[in-house]
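> structure of the sequence below:
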Amino acid sequence: MMSKLEVAPATLNDMLKFLATARPEDIAEAEYGEAPFVDNYLASFANCLCIKDTQGKIYAIGGVESPDPEAPTLGQVWMLCTVEVHKHPTTFLRFTRKVLYDIIDKCNYEGLTNKAWLKNQLHIKWLTFMGCRWLNKTPDNFQYFVFRKDDF
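This next block holds a predicted model:
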């Protein structure tokens with residue numbers, strides 16, 4: 001039986017556990033066209049949240065960053081998952097949907113946006129389940145999405 005999920009600010013220990021169990025597809029997406037994920041400065045994770053169970057298993061890390069310069073009314077949302085999401089997908093999806101609603105309700109933006117790598121099929125399915133609006137595709141196999149406050 002799965003223990004209860006919770007959201008908390010990510011600790012260094014959480015980040016180490018995340019790196020040990022991260023989904024390869026999520027890391028590949030985060031690194032696409034950029035430096036290796038582990039070369040990011042710790043300061044870039046200042047607002048990082050962690051989804052974990054009461055046993056300390058990490059399911060995901062993520063957060064909301066400052067707005068995209070091209071869309072200043074939208075915060076940039078991101079999330080990377082671990083292999084734990086495969087073990088309890090329905091529980092994880094239901095939990096993260098509630099977390100998303102709470103974050104959108106409390107944020108100072110009209111909504112949240114980012115782009116998803118179309119080869120990361122689990123990510124695409126998850127975003128669709130969460131209720132995003134799909135926007136334009138890019139030549140490098142990404143597609144932009146948005147969650148608008150008005151939709152919730």
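
> contacts, neighbours, all on C-alpha from now
Noted.

> tell me which residues in stretch 42-60 are buried?
Using 16 or more other Cα atoms under 10 Å as the test for burial, stretch 42-60 gives Phe45, Cys48, Leu49, Cys50, Ile51, Lys52, Asp53, Lys57, Ile58, Tyr59, Ala60.

> and the least confident of those?
When the buried residues of stretch 42-60 are compared on pLDDT, Phe45 comes out least confident, at 91.

> need the max-distance pair from the buried residues of stretch 42-60.
Taking Cα to Cα as the measure, the buried residues of stretch 42-60 span a maximum distance of 20.4 Å, between Phe45 and Asp53.

> ranges for the helices of this protein?
With helices called from DSSP state H, the chain shows them at 12-21, 24-31, 89-106, 121-130.

> quick check: closest non-adjacent residue to Tyr144.
Lys115 (4.0 Å; Cα to Cα, 6 or more residues apart in numbering).

> contacting residues for the one you found?
Neighbouring residues of Lys115 by Cα atoms under 8 Å, 6 or more residues apart in numbering: Phe142, Gln143, Tyr144, Phe145.

> and the gap between the residue sitting nearest the centre point of the chain and Pro139?
In the chain, the centroid-proximal residue (Cα atoms, centre = their mean) is Met79; its distance is 1.5 Å. Going from Met79 to Pro139 by Cα to Cα, to the nearest Å gives 22 Å.

> circling back: any quick PyMOL command for the buried ones out of the contacts of Lys115?
Applying 16+ other Cα under 10 Å to those, the buried members can be selected in PyMOL as follows:
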select buried, resi 142+143+144+145
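
> low pLDDT regions in the chain?
In the prediction, the chain carries residues with pLDDT under 70 at positions 1-2.

> who are the contact partners of Trp78?
Gly62, Gly63, Val64, Asn114.
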